[in-house]
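# Quick one, fold the following:
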Amino acid sequence: MPPPPPPFEYAEAPEPVHAPRYALYVGASLRYLGFGGNFYRNQNRELETSGNFVRSGPGLELNVGARLGRKYIPFLFWEHGFMRQGHRFEGSDATSSSDLVGLGFRYIAGDVDRAGFLSELSIGIRTITVKKGGETYKMSGWEIFRLGLGAEIRLSKLFTISPMGHISSGVLNDTDGDITFSAEGSRDGLTHPTSIHGRGIQDGKAYVVVSIGCGAHFDLFGK
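A predicted model of the protein is given here:
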């Protein structure tokens, strides 16, 4: 008589990876930022380039928002750029930084469960800060255009990564404080910014920010 067949063992199929329909969206992005264009026309009636105050450097962005209908993500964000010293402060101990606080909206097209095309539109207030010794100088204004394009790659039901590039533009209008240019940065005879101590920038010009990086986000409490 043949031996009885081995007992049948039932194994549940692994749960498929899929994007939750609704979730709390939180995460962070690391990127590298570069400025171009100009901030204003100075006392010599020459364009004051963005590179006179900030040069390219790494940045960090924090996000919190909501995933709605799997593909739609309104969110709040704060981006901080650890910028290199501008030309006006060469040879000094000056440090430069950039902050952008605002509201954004992301949309994922294509296969949201695996890898989809990610687009983003956002608006915020940009602040450029330069510190040297006991002096602090700030310029700020609305950045009404920031476009991001990239991909959202889902590694698990509640975790994604998003390589992405951004381009944005704005005009700085407000100031706070004052700062003295370094000797190397004052070769044209200018020793201070044109507008200081809360005086508005009367001849502000458009600047451009370009960045590239990658983010990691969690869909907390996602279903």
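
# hang on, G185 is in a helix, isn't it?
Yes - counting by DSSP: H, G, I helix; E, B strand; the rest coil, G185 is part of a helix.

# Leaving out chain neighbours, which residue sits closest to it?
Nearest residue to G185 in three dimensions, chain neighbours excluded: R88, at 3.6 Å (C-beta to C-beta, 6 or more residues apart in numbering). From N, CA and C alone the C-beta is placed, and that goes for glycine too.

# Surely that neighbour forms part of a strand?
No - R88 is assigned helix when assessed by three-state DSSP, not a strand.

# got the contact list for it?
52-53, 181-182, 185-186 (C-beta atoms under 8 Å, 6 or more residues apart in numbering).

# Tell me the one of the residues you listed nearest G124?
F53 (18.6 Å; C-beta to C-beta).

# contacting residues around that closest one?
39, 86, 88, 96, 128, 130, 139.

# where does the closest residue to it other than its chain neighbours fall, phi/psi-wise?
Of all residues not flanking F53 in the chain, G86 sits nearest, at 4.1 Å (C-beta to C-beta, 6+ apart). When read as degrees, to the nearest 10, the backbone of G86 gives phi -80, psi 160.

# Could you count how many residues lie near G86?
By other C-beta atoms under 10 Å, 23 other residues sit near G86.

# Would you agree it is in contact with N52?
Yes - contact criterion C-beta atoms under 8 Å: G86 and N52 qualify, at 5.0 Å.

# Out of the contacts of F53, which comes closest to L24?
Using C-beta to C-beta, I128 is the member of these that sits closest to L24, with 31.9 Å.

# Who are the contact partners of the closest residue to that closest one other than its chain neighbours?
Leaving aside its sequence neighbours, I128 sits nearest to M139 (C-beta to C-beta, 6+ apart; 4.7 Å). Contact analysis of M139 by C-beta under 8 Å, 6+ apart lists 39, 53, 127-128, 172, 174-175, 193, 201.

# likewise S169?
For S169, the contact set (C-beta under 8 Å, 6+ apart) comprises 37, 143, 145, 206-209.

# Tell me what it is bridged to.
Assessed by DSSP bridges, S169 has beta-bridge partners F145, V208.

# What residues does the most centrally placed residue in the chain make contact with?
Nearest to the mean C-alpha position of the chain, by C-alpha atoms, centre = their mean, lies E79 at 4.4 Å. When contacts are counted by C-beta under 8 Å, 6+ apart, E79 touches 59-61, 98-101.

# Over to I144?
Counted by C-beta under 8 Å, 6+ apart, I144 has contacts 123, 170.

# same question, T136
Contact analysis of T136 by C-beta under 8 Å, 6+ apart lists 129-130, 176-177, 179.
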